[in-house]
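Sequence first, predicted coordinates after that:
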Amino acid sequence: MAVASALVLLVSGGVLLAAQGIDAGLSRVDVVSDSAGAAVGADQDILLVGLDTRTDSLGNPLPRDQLAALHAGADDSGGDETDTLIVLHVPGDGGPATGFSIPRDSYVELPDGYGKHKINSAYAYGANAARPRLAQDGVSGSDLAVQAGAAGLRTTIGAVQSLTGLTITHAVTVNLAGFAAISQAVGGVPVCLDAPVDDPFSGARFPAGPQTVSGAQALAFVRQRHGLPGGDLDRARRQQVFLASMAHTVLSSDTLTDPTRRAALLDAVDRAVTVDRSFDVLGLATQLPAISSGTIGFHTIPVVDASYRTPQDGDAVQVDPAAVQRFVADTIAGSAPAASGPAPAATGPSPTPAAPTTPAAPTPPAAVPCVH
């Protein structure tokens with residue numbers, strides 16, 4: 001999420017030197033077909049993925065002391081699931097972009113015959129299936145991690161396409177350490193909480209009220225879901241608000257124009273980010289002028305039941321793909337009704353939006369909305 005905003009902000013801010021630096025250093029994998037990768041000037045649907053991985057973008061394991069500082073557990077815990085899924089729709093005519101948050105526990109049919117599971121497990125199913133085949137072909141070490149991860153990302157893309165009805169044209173992933181480093185490179189991000197939190201699972205320990213988070217604190221802020229009234233849905237709301245605040249922070253500071261701060265941001269991006277092979281930062285710069293004024297609208301997809309009991313995967317978020325696809329299409333067309341509140345949708349047969357539209361227009365830090 002953070003790196004996607006950094007990429008968008010860099011190109012939309014018109015700092016082409018920074019964009020060129022990012023283009024040169026990004027790790028790239030084959031995850032979208034040439035026919036799916038939309039040409040610059042066409043509508044783009046970019047999948048932004050936050051990975052719960054314990055490796056960097058080159059497949060190298062993160063040091064244990066770094067994992068401990070990030071409250072990420074051991075180097076063999078987690079690692080093959082997606083913590084964050086957002087589809088960023090960018091119109092070809094340069095109009096306002098729209099972001100769709102997909103709760104990580106959305107219960108969906110996975111591609112390639114893996115069955116019905118939480119969407120965050122799609123990455124693990126694809127990666128785990130590919131790993132033995134790759135090893136048999138002689139792939140090992142960091143290359144094995146990168147190529148297995150690419151297979152996992154392809155499975156995730158397939159699941160997202162089936163759920164939303166969109167064709168993913170590009171994909172961007174960021175790992176745990178990268179998220180922390182990027183938030184530090186921009187000088188911290190203002191946030192606000194309705195009440196104090198103390199969550200041992202994510203390491204989120206914050207007072208109530210406005211505050212600025214960076215590094216491990218920023219990671220904990222966007223990862224927490226235990227102890228939140230709406231669980232995964234409240235976490236999606238936090239991520240949307242964080243992204244909006246980060247946009248304001250970067251655009252209203254000297255992050256992009258100060259050589260030292262820009263270099264720190266580029267270094268963090270290089271170590272944390274993987275994109276598809278056709279992702280063109282400079283090309284997208286011509287398509288994203290409206291984003292520099294903060295015109296991104298964030299939405300959470302509608303859900304049927306936020307506490308759905310599955311046969312084998314525990315509690316999940318029940319979704320209706322047909323309703324999700326209608327909501328996405330109507331929102332892009334500008335005809336979707338506004339959601340009515342931030343609380344999770346009630347259980348019932350008719351899906352309703354799970355969270356309100358969150359405009360990402362840069363706002364003064366004092367106006368950052370407080371969230372759970």
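Cool, the structure landed. Every value quoted in this text rests on a predicted model; they were computed, and no experiment measured them.

which stretches of the stretch 101-250 of the chain form helices?
Along the stretch 101-250 of the chain, counting by DSSP state H, counting those that start in this stretch, helices occupy 122-136, 141-164, 176-185, 215-223, 232-251.

got it, and the stretch 251-372 of the chain?
Listed in chain order, the helices of the stretch 251-372 of the chain (DSSP H, counting those that start in this stretch) span residues 259-272, 281-285, 321-333.

so for the shortest one, what's the average pLDDT?
The average pLDDT for helix 281-285 rounds to 67.

could the helices of the stretch 101-250 of the chain be laid out in a markdown table, adding mean neighbour count?
Glycine gets a C-beta too; all of them are placed from N, C-alpha and C. Shown next, in a markdown table, are the helices of the stretch 101-250 of the chain (neighbours: other Cβ atoms under 10 Å):
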| stretch | mean neighbour count |
| --- | --- |
| helix 122-136 | 19 |
| helix 141-164 | 22 |
| helix 176-185 | 25 |
| helix 215-223 | 23 |
| helix 232-251 | 24 |
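
which one of the ones you listed lies closest to residue 87?
Distance to residue 87, taken as Cβ to Cβ, is lowest for helix 141-164 among the helices of the stretch 101-250 of the chain, at 6.1 Å.

and that closest one, what does it pack onto?
strand 27-29, strand 44-51, strand 82-90, strand 106-110, helix 122-136, strand 170-174, strand 273-276, helix 321-333 (3 or more Cβ pairs under 8 Å, 6 or more residues apart in numbering; DSSP states H and E).

coming back round to it: any chance of the helices of the stretch 251-372 of the chain in a markdown table, with mean neighbour count and distance to residue 178 too?
Shown next, in a markdown table, are the helices of the stretch 251-372 of the chain (neighbours: other Cβ atoms under 10 Å; distance: least, Cβ to Cβ, whole Å):
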| stretch | mean neighbour count | distance to residue 178 |
| --- | --- | --- |
| helix 259-272 | 18 | 2 |
| helix 281-285 | 18 | 16 |
| helix 321-333 | 16 | 28 |
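
how about these, which one is nearest residue 180?
Nearest to residue 180, of the helices of the stretch 251-372 of the chain and by Cβ to Cβ, is helix 259-272 at 8.7 Å.

Quick one: mean pLDDT for the closest one?
For helix 259-272, the per-residue pLDDT averages 76.

and if you look at stretch 216-226?
87.

For it, output the C-alpha coordinates as PDB.
In PDB, the C-alpha atoms belonging to stretch 216-226 read as follows (Å, rounded to 0.1, in the frame of the first residue of the first chain):
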ATOM      1  CA  ALA A 216       7.400  -0.400  12.900                       C
ATOM      2  CA  GLN A 217       4.700   1.800  14.400                       C
ATOM      3  CA  ALA A 218       3.200   2.500  11.000                       C
ATOM      4  CA  LEU A 219       3.300  -1.200  10.100                       C
ATOM      5  CA  ALA A 220       1.500  -2.000  13.400                       C
ATOM      6  CA  PHE A 221      -1.100   0.700  12.700                       C
ATOM      7  CA  VAL A 222      -2.200  -0.800   9.400                       C
ATOM      8  CA  ARG A 223      -1.800  -4.400  10.400                       C
ATOM      9  CA  GLN A 224      -3.900  -4.500  13.600                       C
ATOM     10  CA  ARG A 225      -7.300  -6.200  13.400                       C
ATOM     11  CA  HIS A 226      -7.500  -8.000  16.800                       C
END
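
Give me the contacts around that stretch.
The contact list for stretch 216-226, computed with Cβ atoms under 8 Å, 6 or more residues apart in numbering, reads 1-2, 50, 69-71, 83-84, 176, 179-180, 183-184, 188-189, 191, 197, 199, 201-206, 213, 231-232, 234-235, 238-239, 242.
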